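A.B. asks: model the structure of this input:
(one chain, ligands or ions: 1)
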Amino acid sequence: MTGNPIAVFDGHNDVLLRLFRRGGEAERAFLDGEAAGHIDLPKARRGGLAGGLFAIFSPSDEGSGGGSKVEELMATPPYDVPLPEHLELTFAQRVTVNMAALLFRIERASAGAVKVCRSAAEIEGAIAGGVLASVLHVEGADAIDPDFHLLDVLCEAGLRSLGLVWSRPNAFARGVPFRFPSTPDTGPGLTDAGRALVAHCNARRILIDLSHLNEAGFWDVAKLSDAPLVATHSNAHALTPHSRNLTDRQLAAIGESGGLVGVNFATSFLRPDGRRDADTPLEDVIAHFDHLIGKVGEDGVGFGSDFDGATVPRAIGDAAGLPALVEAMRRHGYGEALLAKLCHGNWLRVLARTWGEPRSERRADLAA
Ligand code: ZN
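C.D. replies: Sure, this is the predicted structure:
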C-alpha cells in the first residue's frame, strides 16, 4: 500500500447547494476549508475524493429549501414527507445560473486545483495531476424550459449530466416522495415533454440520471434512451424498502444496459429501518455494495455519497472519512482490482461511454 488513499470519483454531492445557502466568501470557504460541511478542497484531498458530479439543485425557497426539512422528517419511520408544489421556471433558472457560476468561480479562484471537466479523458487527466475533477450536474429539470434553450446554453458551458426530476414533480416527470416503507412505483411516467427531454439528452449525449425518478418514469427512460441507465445516488430496495431505492428488476435493467448505480450514504436509504441516524454502521453501506454488485454486476456499481445533502454514517463523517469506508470494504474481502472499479473505474468507463468517447483502458488504479 502506498501512502495515498485510493482515488474516489463520486456520483453525487450537494456542496454547491450548501455553499449557495452559506453565502459570503463561498469560493474561499471551499478552497481553504472550514469546519462545516462534508466537502471542501482540504477534506477532499485528505480523503482521496478525486472528483465527482457536483449537483445544481433549486431549493423550494432560497432561505430554507427542500432538503433539510426532508431530512428532519425522516428521523422517525414510517414517514411520507409532504413536498412543495413545482417550482416557478424563472426562479429555478435564476438559482441554476447562480449555482453554476459558483462552481466556475471556484474553478477560477483555485488557480488550477479544481477543474470543471467535460470529458472522461479530462477527468482522468485531472485526477492523475492531483486536480479535483468536478462535473456539472443538474438535479431535477425544474429550470429547463420546454424548448431547451437553457439546457443548450448549460451544455455549452459544461453541463454533462441531468436528473429529469427531483422528488418534487415538474413538467417532465414525477419523482418519488420520501416515503418509508414504500415501493418506487408511486405515480405516472414521463410527460410528452419528458420524452422529448430524453431524446434531447441522448442527442447531446447528456447523462440522464434516474435517481429520484419514480418507477414508471424509470421504465419509460429504459425504453426510450439509447444510453446506459445510470442512477447516480440510490440504494437497494431489497435491503431498505424506501421509495428512493431501486428494486431488483430495476437493478437488473441497469446491469443489462451497461449502466451504473452509485451507493448513497444517506442513512435513511441505507438502514433496514429507514431511519435517519448517523449511528449507522459501515456494515450497512457494505451490505448495499454487496447486493448491488450481485444484481448489477461488479462493473456497474460506484459511489454516490450525497455528501452535503444528507445525514451520513458517523464512521464516514465527511469526505476526509472515505478511507475508513474503503478500508472496511477491503477487510470485508474486496480485492484491489474490485476496489479500483468501485472507487473510480466504473464511473469513468460509464461516463466515457455515455459521452461518446473512445473507451480508455488506461489508469485502472488511480491514486488520489
Ligand atoms: Zn438527490
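A.B. asks: mind showing which ranges of this structure have poor pLDDT?
C.D. replies: Judged by pLDDT under 70, the chain has its weakly predicted residues at 1-3, 61-68, 359-365, 367-368.
A.B. asks: mind redoing it with 90?
C.D. replies: Counting by pLDDT under 90, the chain has low-confidence residues at 1-5, 59-73, 82-86, 358-368.
A.B. asks: that one: strands as residue ranges?
C.D. replies: Counting by DSSP state E, the chain has strands at residues 8-13, 49-56, 79-80, 114-116, 132-139, 159-163, 179-180, 207-209, 230-231, 260-263, 301-303.
A.B. asks: among these, which is nearest Leu224?
C.D. replies: Comparing those by their distance to Leu224 (CB to CB), the top pick is strand 207-209, with 9.4 Å. All C-beta spots, glycine's among them, are computed from the backbone N, C-alpha and C.
A.B. asks: so how far is that closest one off the chain centroid?
C.D. replies: Per CA atoms, centre = their mean, to the nearest Å, the displacement of strand 207-209 from the mean C-alpha position of its chain is 10 Å.
A.B. asks: what helices or strands is that strand leaning on?
C.D. replies: Helices and strands touching strand 207-209, by 3 or more CB pairs under 8 Å, 6 or more residues apart in numbering; DSSP states H and E, are strand 132-139, strand 159-163, helix 192-204, strand 230-231.
A.B. asks: looking at those, which is buried most?
C.D. replies: Of the helices and strands packed on strand 207-209, the one with the most neighbours on average (mean count of other CB atoms under 10 Å) is strand 230-231, at a mean of 30.
A.B. asks: hmm, Ile254 and Gly300 touching each other?
C.D. replies: Yes - using CB atoms under 8 Å, Gly300 makes contact with Ile254 at a distance of 6.2 Å.
A.B. asks: mind listing the shared neighbours of those two?
C.D. replies: 260-261 (CB atoms under 8 Å, 6 or more residues apart in numbering).
A.B. asks: possible to save the strands of the chain as JSON lines with distance to Gln93?
C.D. replies: Below are the strands of the chain laid out as JSON lines (distance: least, CB to CB, whole Å):
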{"stretch": "strand 8-13", "distance to Gln93": "22"}
{"stretch": "strand 49-56", "distance to Gln93": "11"}
{"stretch": "strand 79-80", "distance to Gln93": "30"}
{"stretch": "strand 114-116", "distance to Gln93": "20"}
{"stretch": "strand 132-139", "distance to Gln93": "11"}
{"stretch": "strand 159-163", "distance to Gln93": "13"}
{"stretch": "strand 179-180", "distance to Gln93": "29"}
{"stretch": "strand 207-209", "distance to Gln93": "19"}
{"stretch": "strand 230-231", "distance to Gln93": "25"}
{"stretch": "strand 260-263", "distance to Gln93": "27"}
{"stretch": "strand 301-303", "distance to Gln93": "30"}
